[in-house]
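> Next input, structure requested:
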Amino acid sequence: MEIGIFGFPLSGKSTLFSLLTGVEQHPLHHNEASTSIAKVYDKRIEELSKIYNPKKTVFATVAFVDIPGYDLSSSQKEKNRVLQFIQNSDAILSVIRAFRDPAVPWAPGSESPIKQLLNIETELLLRDMEVVENRVVRLEEARKKRKLTKEEERELELLSTVQRGFEENVFVSRLGFSDDDLRLLGSLSLFTSKPLIVAINLDEEQFSAGEYLEKDTVLKHILDNNFAYIELSGKIEAELNALPEEDRTLFMEELGISQSGIQRLSGVVYKHMNLISFLTVGEDEVRAWTIRKGTHAKSAAGKIHSDLEKNFIKAEVIAYDEFVKVGSMQEAKSRGMVKIVGKEEVVRDGDIFHVRANA
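Numbers count the residues shown, from 1 in each chain. Modelled structure (predicted):
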């Protein structure tokens, strides 16, 4: 899973990238993309590790890509180069600057939160409009020479719907396409088909007050377009990150929050992308595994190892909340709390999962 962090220069996106991944961007490399892995905080894993005291504790992870700042005053060639870094991302994390700091100038086109959001949308739409138009032309030319396949005919229908949506500034992600339809369009890597998460970067005063310039307008626009949304403060996150654990807890209590913005961001990404975690436990390892909501038991087993999917027989499953009531698998089994399920069982978030497979 790869999330592209996108925004205008000086929006604080590289700061968020560093806080998420623990990797500091080098100033000499600010024109190149940087990829690193972030741990997805999960209190359930911490609690299970206390019970099992395993040799290894493994949280779920997400790859983040810090994309160079998108400068509206750049040449089209440079804009295309920066946009290219989004190509392989599964979702876009759009960092919008709201924080006030006289020492940090506003980049062209980013003088207010709503202006940034609208400009980013426009740039993504314009890129996709060109890609779709080129694909339609190629398919129409092919039709003059031969009969199109059923898949190509369907693709043309979908692209026509996409173009009508673009006329109304509607992202592909809002057009209600099925998974099969999206797979048919997958080779185009349309940016507007990717989930978009908007992160508003606030200063300390704005964060404490829960207010910033144009907030109502921004929220309405995000809601209307089915984007995900989170407010956080890069400055506060940096301060939290620098504190010892005990002081960090006190500071968060003073701010009236139970989780850091970085922890909350992981949750927003998971929810918006329909991701969940199932858990495996034991003395060797306690681990979280990322799957899409609706995944069946046999496919989930394949996430652990391909042989487990291939040789799947049954799975033993207990919900995390049920397990922690008794604190041991032996006790849970003796009380009949552990279910034996087949390959078609849908795995739920927080399921503790043990696969039975042929050797």
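> in a helix, that's where residue 289 is, yeah?
No: Residue 289 sits outside any helix when classified using DSSP: H, G, I helix; E, B strand; the rest coil, being strand.
> Tell me how this protein divides into domains.
Annotated domains of the chain cover 2-41+61-107+195-272, 124-193, 294-357 [automatic domain parsing].
> and residue 53, which of the ones you listed is closest to it?
For residue 53, the closest of the domains of the chain is domain 294-357, at 12.7 Å, according to C-beta to C-beta. Quick note: C-beta positions are derived from backbone N, CA and C, even for glycine.
> Compute the first-to-last residue distance for that closest one.
Across domain 294-357, the terminal residues are separated by 21 Å (C-alpha to C-alpha, to the nearest Å).
> which one of the domains of the chain lies closest to residue 52?
Within those, the stretch nearest residue 52 is domain 294-357; the backing value is 9.5 Å (C-beta to C-beta).
> pLDDT (mean, whole number) over that closest one?
Domain 294-357 carries an average pLDDT of 95.
> re the thing from before, how about the domains of the chain in a markdown table, adding distance to residue 282 and mean neighbour count?
Putting these into a markdown table (distance: least, C-beta to C-beta, whole Å; neighbours: other C-beta atoms under 10 Å) gives the following:
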| stretch | distance to residue 282 | mean neighbour count |
| --- | --- | --- |
| domain 2-41+61-107+195-272 | 20 | 17 |
| domain 124-193 | 34 | 15 |
| domain 294-357 | 9 | 16 |
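> OK, contacts around the residue nearest the centre of the chain?
By C-alpha atoms, centre = their mean, the mean C-alpha position of the chain lies nearest to residue 269, the distance being 3.7 Å. Taking C-beta atoms under 8 Å, 6 or more residues apart in numbering, we find residue 269 in contact with 3, 62, 91, 93, 197, 228, 275.
> Okay, and which of those residues map to strands?
Using DSSP state E, the subset of those located in strands is 3, 62, 91, 93, 197, 228, 275.
> Any idea what the fifth one is bridged to?
Each beta-bridge partner of residue 197 is listed here: residue 93, residue 228, as defined by DSSP bridges.
> What strand or helix carries residue 279?
Following DSSP states H and E, one finds residue 279 within strand 275-280.
> where does stretch 233-240 sit relative to the chain's centre, distance-wise?
Centroid displacement of stretch 233-240 relative to its chain, using C-alpha atoms, centre = their mean, to the nearest Å, is 20 Å.
> repeat for stretch 3-14
Remark: stretch 3-14 is offset 14 Å from the chain centroid, using C-alpha atoms, centre = their mean.
> So what touches that stretch?
16-17, 25, 30, 62-67, 69-72, 85-86, 89-97, 99, 104-107, 109-110, 116, 119-120, 197, 201, 234, 269.
> Quick one: mean pLDDT for that stretch?
Stretch 3-14 shows a mean pLDDT of 91.
> do stretch 232-239 as well
Stretch 232-239 shows a mean pLDDT of 84.
> returning to what we had before: which one of the contacts of residue 269 is nearest residue 239?
Looking across these and measuring by C-beta to C-beta, the closest to residue 239 is residue 93, at 21.3 Å.
> and that closest one, what does it touch?
Residues near residue 93 by C-beta under 8 Å, 6+ apart: 3, 4, 5, 6, 16, 64, 197, 199, 265, 269.
> What of residue 327?
So residue 327 contacts residue 51 (C-beta under 8 Å, 6+ apart).
> how close does it get to residue 197?
Distance from residue 327 to residue 197, counting by C-beta to C-beta, to the nearest Å: 36 Å.
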